[in-house]
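Q: sharing a sequence plus its predicted fold:
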Amino acid sequence: MKLGFHDATPRGGRFVPVGMFLLVLLLLAGNSPAQTKGLAQTPAETATTAADSDTVNAVLTDPAVRRRAFYEDLKMLGDVYERIINNYVDVLDPHEVMVGAIEGMLDELDEHSNYLPPVNYEDLMTSTEGEFGGLGISIQVRDHYPTVISPIEGTPAYYMGIQGGDQIIEIEGESSKDLTSTQAVKLLRGPPGTKVNITLARPGRAEPIPLTITRDIIKLESVPYAFMMGDIGYIRIQNFARTTPREVRDKLEMLTQQGMKGLILDLRFNPGGLLEAAKGVSELFLPKGELIVSTKGRLPSQDQQLYSEARGKVYDDVPLVVLVNGSSASASEIVSAAIQDHDAGLVVGQTSFGKGSVQTVFRLDEDEALKLTTARYYTPSGRSIHKTRPRHPRIGQDESAAAAPPLEKKPAEKEKARFEKEKYYTDSGRVVYGGGGITPDIEIDQDFLSDFEVAVERDGALFSFAVDYVAKLDAVPENPVIDDATFRDFEQFLRGRENIEEYLGAFKLTLSDSLMEANRGFITRGIRREVARRAHGAQAAYKVAIEADTQLHHALDLFKKAHSLPELLDLAQQWNQEQLAKHQAAAAAAADSASAAEAAEQGKAD
């Protein structure tokens, strides 16, 4: 299994510790190094050679030269490792030194090749398997304590009556104040059938609530939201796990029964996941026998072509729009490209991330692994999905900007203009573009949070206010109205928040009546969103949140102009012709301006 996880350890095989494996290879390469004093060196260490280009090429092309170089360099690595462990001024943990060596080697590779220590390996397994042992709550740190955002229906936490807004103030008798979310999750998760003791503080209740909860298997939904928006169905896929194709099929059936006339498949902010899941979702929209994706690697075993094996209903009877953005990656790009190249739907939004490489996970022992890039993905039309990026910022580059998630701020790297990219063709002959990532058929700008909005969301004030607000009500309507009095109550609440001035100050903002009034729409919608979450669950909150999603609403507007797939494709053709005309006019104007400037300079010279 690839893309999110491929276990390269043979079934039933035994793990060989890294140190033992290294020792065996060193014995194959030659005698183990002897300890030395001072600056004494072996002849091999003091000898120097002038490596010319022919030698370098031979290492890459001649198997015998490459094998010899491999063992010589492996012996050198062993020498360095042994001397560090036995001679360095401080006593070091051998495993930590080895991990440092591994990470040093990986630094020379692409950004997706990584060493996975136990916690990262466990997270990888959880995200791809779609389940873990736990209580069934999503948490964030709010006001110094891990706070329940919402319980997952049908889980131990749900049946024990845990509510959104409950603060977990103790875990196993120890205070949880100032724990990070990661630390809290580690304490709360565990094998199914085991118990965990927690104490809750609930708004509106004076006494703490002690609970003993038995952990169970928690199944994560990779398709958290699916509902009708008018007569258009909407499905949000947040990652690709083993269960995703079945989840999407179930949602499609539900929306079909509700009479959907079109479908939006939202893959924005979806980082990807399993190749098999991407294949399974693509098969829901493509007839049997269509190529979904091909992989090409260094080894013949990495070269594959995956075709649709659709065995059930193909959902091609309503027009389809796929939403992507700069945070849609990997499996998301495979699905959107397959749909685009086979003219099964329209891709709209912003060019996707360009994570078009295959990672194979090689287990190193029971709970550590190596995730290594072993191949690259190509779409049915032959486009490479992969966009090459540096693993680390270059000298002089703003590291904070380089490390930011793709849509935290506008991307630092300049995207090549649409009509300057390499052209490819869909089944019907439509032009699509290469250059890494999936270029949409119709581009729609992505909105970003304002500085004020970032500060308030970072503080968690909307959530905390809604918890107190709901605690005072006997019943909460599905779509609450936030009046002026409630808005003013929130303003006073925000002024009393411990960190809000710091968060606003980071953007050189100061809390004022005018700043609040300028952001009234965001605040009232945010309160409604968090009240809906507290009273009616995550999907109710999400429906409120997307009221301000202009990209999504532009996509919905496409169905008002086109009522069938052919009409959608024609709409994309028209949009492309308009954009091409603008591009050509801008290029001509730029050329005229350059010519005029050149003539003016020539006149001065004359």
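A: Sure, I can see it. Please read these numbers as outputs of a predicted model, since none were measured by experiment. Numbering: from 1, shown residues only.
Q: when you work out contacts or count neighbours from here on, use the C-alpha atoms and nothing else.
A: OK.
Q: neighbouring contacts of stretch 371-383?
A: 110, 112-116, 291-298, 302-303, 334, 337-338, 341-342, 356-362, 384-386, 424-426, 433-436 (Cα atoms under 8 Å, 6 or more residues apart in numbering).
Q: which stretches of the stretch 451-600 of the chain form helices?
A: Along the stretch 451-600 of the chain, the segments classed as helices by DSSP state H, counting those that start in this stretch run 451-459, 461-471, 484-495, 500-505, 513-518, 520-536, 538-545, 550-561, 565-605.
Q: of all those, which one is nearest Glu221?
A: Of all the helices of the stretch 451-600 of the chain, helix 538-545 sits nearest to Glu221, with 12.3 Å by Cα to Cα.
Q: now the angle from that closest one to helix 520-536?
A: 170 degrees (axes from the mean of the first three to the mean of the last three Cα atoms, to 10 degrees).
Q: pull the CA atoms of helix 538-545 into PDB?
A: Extracted in PDB, the C-alpha atoms of helix 538-545 (Å, rounded to 0.1, in the frame of the first residue of the first chain):
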ATOM      1  CA  ALA A 538     -20.000  19.800  14.100                       C
ATOM      2  CA  GLN A 539     -22.000  19.700  10.800                       C
ATOM      3  CA  ALA A 540     -24.300  22.500  12.000                       C
ATOM      4  CA  ALA A 541     -21.300  24.600  12.900                       C
ATOM      5  CA  TYR A 542     -19.700  23.900   9.500                       C
ATOM      6  CA  LYS A 543     -22.900  25.000   7.700                       C
ATOM      7  CA  VAL A 544     -22.600  28.400   9.400                       C
ATOM      8  CA  ALA A 545     -18.900  28.600   8.700                       C
END
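Q: helices or strands up against it?
A: Counting contacts by 3 or more Cα pairs under 8 Å, 6 or more residues apart in numbering; DSSP states H and E, helix 538-545 packs against helix 520-536.
Q: mind listing what's buried in the helix it packs on?
A: Counting neighbours by 16 or more other Cα atoms under 10 Å, one finds that the buried residues in helix 520-536 are 522-536.
Q: can you check stretch 237-250 too?
A: 237-245, 247-249.
Q: closest to Asp166 out of the helices of the stretch 451-600 of the chain?
A: helix 461-471 (8.7 Å).
Q: tabulate the CA atom coordinates of the closest one in PDB.
A: Output of helix 461-471 as PDB, limited to C-alpha atoms (Å, rounded to 0.1, in the frame of the first residue of the first chain):
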ATOM      1  CA  ALA A 461     -12.800  33.500  22.400                       C
ATOM      2  CA  LEU A 462     -15.700  32.700  20.100                       C
ATOM      3  CA  PHE A 463     -15.800  29.100  21.400                       C
ATOM      4  CA  SER A 464     -15.500  30.000  25.000                       C
ATOM      5  CA  PHE A 465     -18.200  32.700  24.800                       C
ATOM      6  CA  ALA A 466     -20.600  30.300  23.100                       C
ATOM      7  CA  VAL A 467     -20.100  27.700  25.900                       C
ATOM      8  CA  ASP A 468     -21.100  30.300  28.500                       C
ATOM      9  CA  TYR A 469     -23.900  31.600  26.300                       C
ATOM     10  CA  VAL A 470     -25.500  28.200  25.700                       C
ATOM     11  CA  ALA A 471     -25.200  27.300  29.400                       C
END
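Q: who's in contact with it?
A: Counting by Cα under 8 Å, 6+ apart, 142, 164-165, 203-204, 456, 476, 490, 493-494, 497, 523, 526-527, 530-531, 534-535 sit against helix 461-471.
Q: at 6 Å instead, please
A: 165, 204, 527, 530-531 (Cα atoms under 6 Å, 6 or more residues apart in numbering).
Q: for stretch 194-205, same thing?
A: Under the criterion Cα under 6 Å, 6+ apart, residues 166-172, 208-215, 471 lie in contact with stretch 194-205.
Q: 8 Å instead, please
A: Contacts of stretch 194-205 (Cα under 8 Å, 6+ apart): 165-173, 188, 207-215, 467-468, 471-472.
Q: after the lowest-mean-pLDDT helix or strand in the chain, which helix or strand is next?
A: Every helix and strand of the chain was ranked by mean pLDDT, DSSP states H and E. The lowest is helix 399-403, at a mean of 34. Tracing the chain past helix 399-403, the next element assigned as helix or strand by DSSP states H and E is strand 423-425.
Q: what is the neighbour count of Lys416?
A: 9 (other Cα atoms under 10 Å).
Q: the helices in the stretch 201-350 of the chain, which residues?
A: Under DSSP H, counting those that start in this stretch, the stretch 201-350 of the chain gives helices at 244-257, 275-283, 331-341.
Q: tell me what angle the last one forms with helix 275-283.
A: When you say that, I think you mean helix 331-341. 30 degrees.
Q: can I get the CA coordinates of helix 331-341 in PDB?
A: Extracted C-alpha coordinates of helix 331-341, given in PDB (Å, rounded to 0.1, in the frame of the first residue of the first chain):
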ATOM      1  CA  ALA A 331      -4.500  11.500  -3.100                       C
ATOM      2  CA  SER A 332      -6.600  14.600  -3.600                       C
ATOM      3  CA  GLU A 333      -4.600  15.400  -6.700                       C
ATOM      4  CA  ILE A 334      -4.900  11.900  -8.100                       C
ATOM      5  CA  VAL A 335      -8.700  12.000  -7.800                       C
ATOM      6  CA  SER A 336      -9.100  15.500  -9.200                       C
ATOM      7  CA  ALA A 337      -6.700  14.800 -12.100                       C
ATOM      8  CA  ALA A 338      -8.500  11.500 -13.000                       C
ATOM      9  CA  ILE A 339     -11.800  13.300 -13.100                       C
ATOM     10  CA  GLN A 340     -10.400  16.200 -15.100                       C
ATOM     11  CA  ASP A 341      -8.500  14.100 -17.600                       C
END
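Q: picking up where we left off before, now the helices of the stretch 451-600 of the chain in TSV, with mean pLDDT and distance to Gly100?
A: What follows is the helices of the stretch 451-600 of the chain, written out as TSV (pLDDT from 0 to 100; distance: least, Cα to Cα, whole Å):
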stretch	mean pLDDT	distance to Gly100
helix 451-459	92	34
helix 461-471	90	41
helix 484-495	96	45
helix 500-505	94	36
helix 513-518	96	49
helix 520-536	92	44
helix 538-545	91	42
helix 550-561	96	44
helix 565-605	85	49
